[in-house]
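Asks: Predicted model and sequence follow; I will ask about them next.
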Amino acid sequence: MPEQSLILWIIGALLAATGLSGLLLPLVPGAPLLFLGLLFGAWAEGFHYIGVWTLLILAGMAGLTYVVEFAASVLGVKRYGGSRRAMLGAALGGIVGLFLGIPGILLGPFVGAVIGELSLQRSLDQASRAGFGTVVGLALGVAAKLAIGIAMIGLFLLKRFV
């Protein structure tokens, strides 16, 4: 294996591992890093096994992780009886939470959903259920993102070795 290929494989493996962990950890752009890692792996072999179509599918899967994460949190709020305002509050709380570090990322959507419900004069019980729904949705979103990430690696390995 030429030295350049080895370097590309090492960079690809580090990016893919960081990306996969980023699907679980807040503040780490998991899907883009995972995709870049797989792209470096394809580049290491001159795109002989992994071509443009496979890379486009992998890029689409990476983009899908963001759609799934957003949809899961919104559906979690809705499933637990939250209003549109609670869904909006969860989304805004998630954005504000980004600036407050890991506690903000984890608590922001919950607090946003609760505030959204309380702004509609709902009871604290209804508001806390909507907040809990946000947390459930976020957990399901993380699980779905991880599943997509593992599927991305599986597709890469399938195209490379089969």
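Replies: Arrived safely, thanks for sending. Residues are numbered from 1 along each chain as shown.
Asks: Point out where this protein drops to low pLDDT.
Replies: The model of the chain has pLDDT under 70 over residues 1.
Asks: How are the helices of it distributed by residue range?
Replies: Counting by DSSP state H, the chain has helices at residues 3-22, 30-44, 52-79, 84-98, 101-118, 124-161.
Asks: Identify the spatial nearest neighbour of F156, chain neighbours not counted.
Replies: For F156, ignoring the flanking residues on the chain, the nearest one in space by C-beta to C-beta, 6 or more residues apart in numbering is L38 at 4.9 Å. In short, each C-beta sits where N, CA and C put it, glycine included.
Asks: Over to P32?
Replies: A62 (6.2 Å).
Asks: need the contact list for the residue nearest to F156.
Replies: G12, A16, I50, L55, L58, M152, I153, F156 (C-beta atoms under 8 Å, 6 or more residues apart in numbering).
Asks: cool, G93 as well?
Replies: L107, G108, P109, F110, V111, G112, A113, I115, T134.
Asks: how far away is it from D125?
Replies: Counting by C-beta to C-beta, to the nearest Å, the gap between G93 and D125 amounts to 19 Å.
Asks: That'll do, ta.
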